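Student: what's the 3D shape of this:
(chains A and B)
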Amino acid sequence: MAAIEMKNIVKKYGDGFPAVNDVSIDVADGEFMILVGPSGCGKSTLLRMIVGLEDITSGDMMIGDKRVNDLAPRDRNLAMVFQNYALYPHLTVYENIAFPLRLAKASDDEIDKKVRAASKTLELDEHLDRKPGNLSGGQRQRVAMGRAIVREADAFLFDEPLSNLDAKLRGQMRTEIARLQKKLGITTVYVTHDQTEAMTLGHRVAVLKRGILQQLATPRELYENPGNLFVAGFIGSPPMNFLPATVEGTSVKLPFGSVELPAEKAEKAAGKGLLMAGIRPEYFEDASVKTDPAGGSTFRAKVDVVEWLGNETYAYIPFEAPPEVEAQLQQLERDLDGESLHTQLVVSLDGASRITEGEEAEIWVDGSKIHLFDPETGENLTVDHEHAGRILDHATQQAADQEAKQDAVSG
Amino acid sequence: MAGVSSGTRNKIGTWIGFVLILVWCLLPVVWIISLSFKGPTETSAGSPQFLPKEPTLKNYDDILNNPDFRDSLVNSFGIAIIATFLSVVLATLAAYAIARLEFKGKRLVLSLALAIAMFPVVALVGPLFDLWRTLGLFNTWPGLIIPYMSFTLPLAIWTLSAFFREIPWEMEQAAQVDGATSWQAFRKVIVPLAAPGVFTAAILTFFFAWNEFVLAISLTSTTQARTVPAQLSFFVGPDPFNPPYGQLATASVVVTVPIIIIVLLFQRKIVAGLTSGAVKG
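Tutor: Model prediction:
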C-alpha cells in the first residue's frame, strides 16, 4: 500500500512533442483515481510512466516516499492490468496467476495458497487448468486481474481494462472492479476513455486533454462544477448543451428566449458580451409534466426528433449558432473526438412526456444550474471553486497553447 | 441434387490429387526401401522387379556392422546437432534484438545475412580448405560445424525475427511489471511463445547440416569427421561396374529414418496460433 505522487511530470517524445505536459496528481493511499480523456490525451502514457514502461522526461514520480523515476518496472512493486490482458498463452490460468510469485521465488505451498485465494475471489476455480486461449473475454479479464491481486503490490494500475468487452460484461466487470478495490483497499490508478467508468468507479477523476490536466475532482464535482468547456462537454451523457448567450441584468438571453439566473451567477458574467451557456439535458423538462415549475423559466421550441427510452425521453431541438460560437463548438467537438453535423439542443424529458416530433412544445429549464463559459478561453465563469477540486489555471493553458503553436510554426 | 453430385465430384478429384502427389513423392522412397531388402544378385539383374523376390536383411546387417558407416553416422549426428544448437541459440538472440531494438545498422545486419544466404557454397570450398588446413580445423568436427552454422544462421534469423515481431510487446512488459528482469522475460515468456519459430529454424538447420555434401567431402579426409552423405560416396564395392546398390539404398534408409522421426516429433511443436488467447478476444 502506498500513495502515488506525480510532480510536474513531463513526457516528450523524440520530436519534442509533449505527450504529457506538467501534470501533477497526488493519489492518496487506498484511493481509486481515474485518468480520463479522449484518445491521445496522454492518459496511457502517464500510467505507463507510473509503472516504469515509459521514461519520464522531467518531474518526479513518487511511490510511497521513494522517487522511482529511475527504477525498473520490476522494482516498483506495482501490478498492472493491460488493455489486451497480456496473458501468457503458453501457461495455464494457474501458472499465469502464479507467474509473479514464481519470479519472486515464493515456496510452492505459498504460491498454491495465494493462487487459490485469488482464483476464489475471482471465481476462476474451475478454469485453473485451462489455457487463456480457451477462455472467454470476461474470463481472460479476470485472469489478468488475478495475476495483479495475487501479489501484495503497492498499487494497481489498469489500462482501459474493459474496452475489449461487450457492453453487458463491461457493466458487470465494472462493478466487480469497484467491489474488489473496496475489499482490498489498495491504491488504484485506472485509465479509461469512457466517462461512465470514470464517474462510477473513481473516488477522484483527473480529466486530461492533449497532455494537460484540465481538472482533478470527485465525479460529483466534475459533473456539477466543470472547470471549463472541455470538462463540461466530456463529462455527462448525453453531453452538456452549449448555447450562445448574453447576460442582461439577471436574465440570460438564449436562442429560445430568456432565462432567469441566480443573482450571484449573473453578477460573475455581467458585461462579458457574448458567452456560451452550458445546460445539461436533464436540467430541462416538459413544462406540461413538470408538477412544480417554480424556480425556472419556460420557452417554446419546435422539437425535431424524439427518442423515447421508457424511463426518459430525449428531444432534439435544432438552433442556429452565431459564427463566433460555432467555431468554438466545432473545436470542442474535435477535442472530444466527436463529430456533430449541426448545432442542436438535447433535452432529457420525463418518460411520461407526450411531446411528438415536429410539435412546438413548451420546455421548462432550471436557470439556477446554467453554467456560463467564456467562449475565448473556455473558462467556466460561474464555477463554484469551493466544490470543483483543482482546475487548470487558464494562464497556464494559454501559455501551453501558445508554446504548442510556436512549436508548430518553428517545427 | 446437383450440389451433392458436385460435392462428390470434388471429393473424388481431391482424392485423385492426393494419390498422384503421394505416388510422385513416395515412389522413389518406396523403391529405395525395396532395394534395401534385395540381395546383390537381384540388384545386378538387367531389369529387376519392383518388390524383392527373396527379401533379405543382409544389407542392414552389413551396413550396421560397417565401422566406417557407424563412425560417419556418429559424426553426422554430432555435427548436425551441435551446428543446429549453436545456430538456433545465436539466431534467437540476434532475431530478438532485430525485432525489438532500434539500432543503427539494423537493415545492414539483415541485408548482410541475406547476402550470406545467397552466397554459393561451392565458391567457398577452396578458400575454406586452405584456411582450415592452416588453422588445423581440416578434418575436424568444428571444421564442419562452423560453416554449417554460418550458412544456416541467415535463414534462422529471418524466420525467427518474423516470429518475434508477431509476439505482442505487452507480453514482455507484463512480465517486467510482474517482476521479471529483461532476461527472465525473454526466457520465460518470449522464447516459449516463439517456440514454433525456434523449432522451424532448428529443423531447417538440422536438415541442411544432415544432408550437406560439398563441404563434407571437401573438408574431411577420414572417418574422424566425415558425415554420412560423404561416406556414402565411398561405398563403391569391389566391382566398379556393379556398385552395391542394395547397401547404398540401405544406408539411405538408415539416414532417412532419423529425419522422419525428428519431423514427426517437432511437427507437434510447430502448431500455428500458439499465441492465440494471449490478447483480447
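
Student: which residues are contacting stretch A:352-370?
Tutor: Identification of contacts with stretch A:352-370 by Cβ atoms under 8 Å, 6 or more residues apart in numbering or on different chains yields A:252, A:256, A:259-262, A:265, A:277-280, A:283-290, A:293, A:295-306, A:313, A:315, A:317, A:347, A:349, A:382. Every residue, glycine included, has its C-beta placed from N, CA and C.

Student: residues near the residue of the stretch 101-250 of chain A found nearest chain B, how many?
Tutor: Residue nearest to chain B within the stretch 101-250 of chain A: A:Gly133 (2.6 Å; Cβ to the nearest Cβ). Other residues near A:Gly133 come to 16 when the count uses other Cβ atoms under 10 Å in any protein chain shown.

Student: quick one on the thing from earlier: among the contacts of stretch A:352-370, which are located in helices?
Tutor: A:Lys265 (DSSP state H).

Student: so the residue of the stretch 101-250 of chain A closest to chain B sits right up against A:His90, yeah?
Tutor: No: counting by Cβ atoms under 8 Å, A:Gly133 does not reach A:His90; the two are 9.6 Å apart.

Student: For the chain, which segments count as helices?
Tutor: No chain specified, so I'll use chain A. Under DSSP H, chain A gives helices at A:43-51, A:93-103, A:108-121, A:137-149, A:167-184, A:195-201, A:219-224, A:229-234, A:263-269, A:323-335, A:394-410.

Student: Hmm, no, I was thinking of chain B.
Tutor: All helices of chain B, identified by DSSP H, fall at B:2-36, B:40-44, B:58-64, B:67-100, B:106-118, B:122-135, B:141-166, B:169-177, B:182-185, B:191-193, B:195-211, B:214-218, B:228-232, B:245-267.

Student: and these, which one is worst for confidence?
Tutor: Ranked by mean pLDDT, the helices of chain B end with helix B:40-44 at the bottom, a mean of 78.

Student: Restrict that one to CA atoms and write it as PDB.
Tutor: What follows is helix B:40-44, C-alpha atoms only, in PDB (Å, rounded to 0.1, in the frame of the first residue of the first chain):
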ATOM      1  CA  PRO B  40      23.300 -58.400 -54.900                       C
ATOM      2  CA  THR B  41      22.200 -60.900 -57.500                       C
ATOM      3  CA  GLU B  42      18.800 -59.300 -57.700                       C
ATOM      4  CA  THR B  43      20.100 -55.700 -58.000                       C
ATOM      5  CA  SER B  44      22.600 -56.600 -60.700                       C
END
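
Student: Near chain B, which residues of chain A are found?
Tutor: With Cβ under 8 Å from any Cβ of the partner chain as the criterion, chain A meets chain B at residues A:51-53, A:72-74, A:78-80, A:82-90, A:99-100, A:103-104, A:131-137, A:140, A:147, A:151, A:164.

Student: and with 6 Å instead?
Tutor: Within chain A, the positions adjacent to chain B are A:51, A:53, A:73-74, A:80, A:82, A:84, A:86-90, A:99-100, A:103-104, A:132-133, A:137, A:164 by Cβ under 6 Å from any Cβ of the partner chain.

Student: Got a PyMOL select line for the buried ones in those residues?
Tutor: A single PyMOL command is used to select the members of the residues of chain A next to chain B judged buried by 16 or more other Cβ atoms under 10 Å in any protein chain shown:
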select buried, chain A and resi 51+53+73+74+80+82+84+86+87+88+89+90+99+100+103+132+133+137+164
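
Student: Which ones among the residues of chain A next to chain B lie within strands?
Tutor: In strands, defined here by DSSP state E, the members of these are A:Met80.

Student: circling back to that earlier point, and the contacts of stretch A:352-370, which of them are in strands?
Tutor: Per DSSP E, the contacts of stretch A:352-370 map to strands at A:252, A:259-260, A:277-279, A:284-286, A:297-302, A:305-306, A:313, A:315, A:317, A:347, A:349.

Student: Distance-wise, check A:Glu95 relative to chain B.
Tutor: 10 Å (Cβ to the nearest Cβ, to the nearest Å).

Student: tally of neighbours for that residue?
Tutor: Residues near A:Glu95, counting by other Cβ under 10 Å, number 16.

Student: Now do it, the pLDDT please.
Tutor: 93.

Student: Please give me every residue in contact with A:Asp108.
Tutor: By Cβ atoms under 6 Å, 6 or more residues apart in numbering or on different chains, A:Asp108 lies in contact with nothing.

Student: that older thread, which of the helices of chain A comes out lowest on mean pLDDT?
Tutor: helix A:394-410 (a mean of 62).

Student: Sketch out the low-pLDDT regions of the stretch 301-411 of chain A for me.
Tutor: For the stretch 301-411 of chain A, applying pLDDT under 70 flags the ranges A:340-341, A:394-411.

Student: let's see it at 50
Tutor: Within the stretch 301-411 of chain A, the stretches with pLDDT under 50 are A:411.

Student: sorry, back to before: ok, the residue of the stretch 101-250 of chain A closest to chain B to A:Thr92 distance?
Tutor: According to Cβ to Cβ, to the nearest Å, A:Gly133 stands 11 Å off from A:Thr92.

Student: And for B:Phe37?
Tutor: 48 Å.

Student: Understood, closing this out.
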